[in-house]
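In: Next input, structure requested:
(one chain, ligands or ions: 1)
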Amino acid sequence: MTSSIQDIDVFALCKEHASVQGQLPLSALSRLHGDLIHTTDAVSYHVSGSVDDEHRYLLHLSITGTLPMNCQRCAEELSHPLLVDNTLQLVHTEAELDDEEEELNAIMSGKAEIEKIVGSKNYDLLNLLEDEIILSLPIVIAHEVCEQTLPTSVGEKVSPFDALMTLKNK
Ligand SMILES: [Zn+2]
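Out: Okay, the predicted model is just below:
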């Protein structure tokens with residue numbers, strides 16, 4: 001099921017202004033497995049290609065869904081909302097990645113430069129989607145407000161008897 005998007009002519013996708021979309025099973029995102037509680041769910045992806053007025057090959061990516069992860073503060077489960085919406089420019093060679101003249105033009109014209117990637121006729125779109133998901137993750141995954149407070153360790157627990165003794169000694 002996922003193998004089809006691992007071998008895609010992304011330049012043709014742009015030329016034809018075509019798009020691919022579907023479900024991406026979490027089980028296919030092997031680089032994320034270490035951070036996921038389970039991999040039974042899937043996220044949705046939509047990738048569309050276009051060629052703009054400046055003959056740039058553009059790939060628009062959107063990925064939505066939730067990732068089952070552990071909160072790094074309270075260690076409870078957390079559904080991390082995934083919302084990737086990015087546009088990348090496809091180039092043919094590594095050399096085109098650092099086109100200084102183009103970068104300068106972008107700065108001069110006040111346009112934000114689009115991130116470039118090297119495309120191919122048999123491009124691994126799954127790998128790119130996985131990259132984008134990883135890049136979208138915050139450094140610390142945590143609830144905005146944790147519901148559970150961490151249980152105090154047994155050694156620190158104050159017994160009612162001890163509390164009573166403290167009161168008496170006052
Ligand atoms: Zn938490």
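In: Would you mind listing what in this protein touches the ion?
Out: Counting by Cβ under 5 Å from the ion, the positions of the chain adjacent to the ion are 71, 73, 74, 143, 146. Just so you know, the C-beta spots here come from the backbone N, C-alpha and C atoms, and that holds for glycine as well.
In: Find me the pLDDT at the third one, would you?
Out: Taken from the predicted model, the pLDDT recorded for residue 74 is 94.
In: Without its sequence neighbours, what residue ends up closest to it?
Out: residue 146 (4.0 Å; Cβ to Cβ, 6 or more residues apart in numbering).
In: next one: phi and psi at the one you found?
Out: phi -80, psi 130 (degrees, to the nearest 10).
In: Report the contact partners of it.
Out: 71, 73, 74, 76 (Cβ atoms under 8 Å, 6 or more residues apart in numbering).
In: Next, the buried residues of the longest helix out of those in the chain.
Out: Longest helix in the chain, counting residues (DSSP state H): helix 125-136. For helix 125-136, the neighbour count (16 or more other Cβ atoms under 10 Å) marks 125, 126, 128, 129, 130, 132, 133 as buried.
In: Can you name every helix or strand that the host helix or strand of residue 45 contacts?
Out: Taking DSSP states H and E as the criterion, residue 45 maps to strand 42-51. Under the contact definition 3 or more Cβ pairs under 8 Å, 6 or more residues apart in numbering; DSSP states H and E, strand 42-51 sits against helix 10-15, strand 19-25, strand 57-70, helix 125-136.
In: Tell me the gap between the last one and the middle of its chain.
Out: Think helix 125-136. Mean-position distance between helix 125-136 and its chain equals 6 Å (Cα atoms, centre = their mean, to the nearest Å).
In: Check the second one too.
Out: Here the centre of strand 19-25 is set off from its chain's centre by 15 Å, with Cα atoms, centre = their mean.
In: cool, and the shortest one?
Out: The chain centroid and the centroid of helix 10-15 are separated by 23 Å, computed with Cα atoms, centre = their mean.
In: hmm, who's touching that helix?
Out: Contacts of helix 10-15 from elsewhere in the structure, counted by Cβ under 8 Å, 6+ apart, are 18-20, 47-51, 57-59, 90, 92, 119-121, 123, 125.
In: May I see the buried residues of helix 125-136 arranged in JSON lines, with pLDDT as well?
Out: Below are these laid out as JSON lines (pLDDT from 0 to 100):
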{"residue": "125", "pLDDT": "96"}
{"residue": "126", "pLDDT": "96"}
{"residue": "128", "pLDDT": "97"}
{"residue": "129", "pLDDT": "97"}
{"residue": "130", "pLDDT": "97"}
{"residue": "132", "pLDDT": "97"}
{"residue": "133", "pLDDT": "97"}
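In: Sounds good, over and out.
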